[in-house]
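Asks: Output the structure for:
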Amino acid sequence: MQQQISLITLGVADLGRSKRFYGDGFGWKPVFETPGIVFYQMNGMVLGLWPTSDLEDDMQRPGLVRPGAFALAHNVAAKEDVQPVLDRLAAVGGRILRPANAPPHGGFRGYVADPDDHAWEIAWNPSWAIAEDGRITFRI
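Replies: Presented below is the predicted three-dimensional model:
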């Protein structure tokens, strides 16, 4: 079976607030949206924002909770890019979880929570090549 992720859907409390966070914070533009869902075309996959209650109904799994035991990541091209992205996300409704610093394994990273408490790592890692289209390649 092919190793891939096609879509990640985040349950959100307020779709407009989340759309502002991802649009103004990351600068992302939706590829498709309705009053009830927003999709962003990413580098080889799609990120969806959907009201949590609708996601619960669709999954037939009431009571979804956050924060979850996961982190999404947004890698940047240079160490100097990490802090400005964290600052911009915090300015549009994010909450800094961990200030930018160098982890023991190398690189530079910080964590921010979106308005619904989904954790995002903003990272620069010299072992991760970022292609012009945004695709990441893990180099050893």
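Asks: What segments of the chain are helices?
Replies: 15-20, 52-59, 82-91 (DSSP state H).
Asks: In a markdown table, list those along with distance to Ile8 and mean pLDDT.
Replies: In short, each C-beta sits where N, CA and C put it, glycine included. Shown next, in a markdown table, are those (distance: least, C-beta to C-beta, whole Å; pLDDT from 0 to 100):
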| stretch | distance to Ile8 | mean pLDDT |
| --- | --- | --- |
| helix 15-20 | 13 | 97 |
| helix 52-59 | 12 | 96 |
| helix 82-91 | 18 | 98 |
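Asks: Mind putting the ones you listed into CSV with mean neighbour count?
Replies: Converted to CSV, the helices of the chain look like this (neighbours: other C-beta atoms under 10 Å):
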stretch, mean neighbour count
helix 15-20, 16
helix 52-59, 14
helix 82-91, 18
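Asks: Quick check: the closest residue to Gly11 other than its chain neighbours vs Phe39, distance?
Replies: Nearest residue to Gly11, sequence neighbours excluded (C-beta to C-beta, 6 or more residues apart in numbering): Thr52, at 3.5 Å. According to C-beta to C-beta, to the nearest Å, Thr52 stands 17 Å off from Phe39.
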